[in-house]
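Peer 1: Below are the sequence and a predicted model; questions follow.
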Amino acid sequence: MLARDVMRAPVVTVTPATRTRDAIELMLGHNLSGLPVLDEEGKLIGILSEGDLIRRSELGTEKHRSRFIAFILGPGRAAHDYTKSHSRFVRGVMTQEVIAVAEDTPIEEIVGLMEKHAIKRVPVMRGEEIIGMVSRADLLRALVAASRRREETMTDEAIRERILAEIAKEEWAPQNSVGIVVKDGAVVLTGTIFDERQRSGLKVIVENTPGVKKLQDRLVWIDPGSGLVVEAPEESKDGDISR
């Protein structure tokens, strides 16, 4: 999956001369966490994000450093902080260093950039033209869509094989005494367990398997100490699984 497959377009942008308040209203109105900043020629020169706006004089949240720290950092840093917290225009608040990607960038590379640079969004470029934005929210939407597509294509046999594969990974799961039957997305658990807590673990495996619509618990618990045989609780025997 590439950047072009998940990006949001068209892109809402601002200019350096946009008032900060107007930019915030755009972000709120369009449910965006950041806006690209374009110059008069349409060239990307910065990003205005929520993080740029949390240290503001209007909120009383601007940075206040001790005299010693201010001396160490120098007057330039203090001037920068003041501009950031008091400027009424985007040019004084925006972040100028922009991490951007091309439209054919794989999303795994985008995720890596977000993690490395601690950012929530990246512009998508075609040459020097911005054509989209990819945010964490866009990745989550793509995740949901991919999950739904995967569930739609899961056959009963594929569901069964997936459950068996998950059971095989877990040392606590009884592999030889449990049977799995799947029909039209409904899974029936049969066989024997020797610890009641295994029932909950097996049910979680089934519930987390894509394509499963219903779970029927027919597991029998045999207490190794007493030999007592206990069938599945009535409320555990049959249940729909909401997706």
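Peer 2: Looks like it arrived, so ask away. Nothing here was measured: the structure is a model prediction, and the numbers come from that model.
Peer 1: Okay, domains of this structure per the record?
Peer 2: Domain assignment for the chain by automatic domain parsing gives 3-146, 154-240.
Peer 1: okay if I get those domains as TSV plus mean neighbour count and mean pLDDT?
Peer 2: To be clear about C-beta, it is placed using only N, CA and C from the backbone, and glycine gets the same treatment. Shown next, in TSV, are the domains of the chain (neighbours: other CB atoms under 10 Å; pLDDT from 0 to 100):
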stretch	mean neighbour count	mean pLDDT
domain 3-146	15	92
domain 154-240	15	89
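Peer 1: What segments of the protein are helices?
Peer 2: 3-6, 20-29, 67-73, 75-86, 90-93, 107-117, 136-152, 156-169, 196-207 (DSSP state H).
Peer 1: Which neighbouring elements make contact with the fifth one?
Peer 2: To tie it back to what came earlier, the one meant is helix 90-93. helix 20-29, strand 44-49, helix 75-86 (3 or more CB pairs under 8 Å, 6 or more residues apart in numbering; DSSP states H and E).
Peer 1: what's next to the last one, contact-wise?
Peer 2: The list of residues contacting helix 75-86 from outside it, by CB atoms under 8 Å, 6 or more residues apart in numbering, reads 52, 55-57, 61-63, 65, 70, 92-93.
Peer 1: 7 Å instead?
Peer 2: Helix 75-86 is contacted from outside by 55-57, 62-63, 70, 92-93, using CB atoms under 7 Å, 6 or more residues apart in numbering.
Peer 1: Make TSV from the helices and strands packed on helix 90-93 and add distance to D104 to it.
Peer 2: Output for those, formatted as TSV (distance: least, CB to CB, whole Å):
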stretch	distance to D104
helix 20-29	28
strand 44-49	18
helix 75-86	35
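Peer 1: L2: which of the ones you listed is closest?
Peer 2: strand 44-49 (19.6 Å; CB to CB).
Peer 1: so which pair among the contacts of helix 75-86 is furthest apart in space?
Peer 2: Within these, A70 and V93 form the most distant pair, 20.9 Å apart (CB to CB).
Peer 1: Of all the helices and strands packed on helix 90-93, which one comes closest to K183?
Peer 2: For K183, the closest of these is helix 20-29, at 49.1 Å, according to CB to CB.
Peer 1: Now do that closest one against strand 44-49, angle only.
Peer 2: Per axes from the mean of the first three to the mean of the last three CA atoms, to 10 degrees, the angle that helix 20-29 makes with strand 44-49 is 70 degrees.
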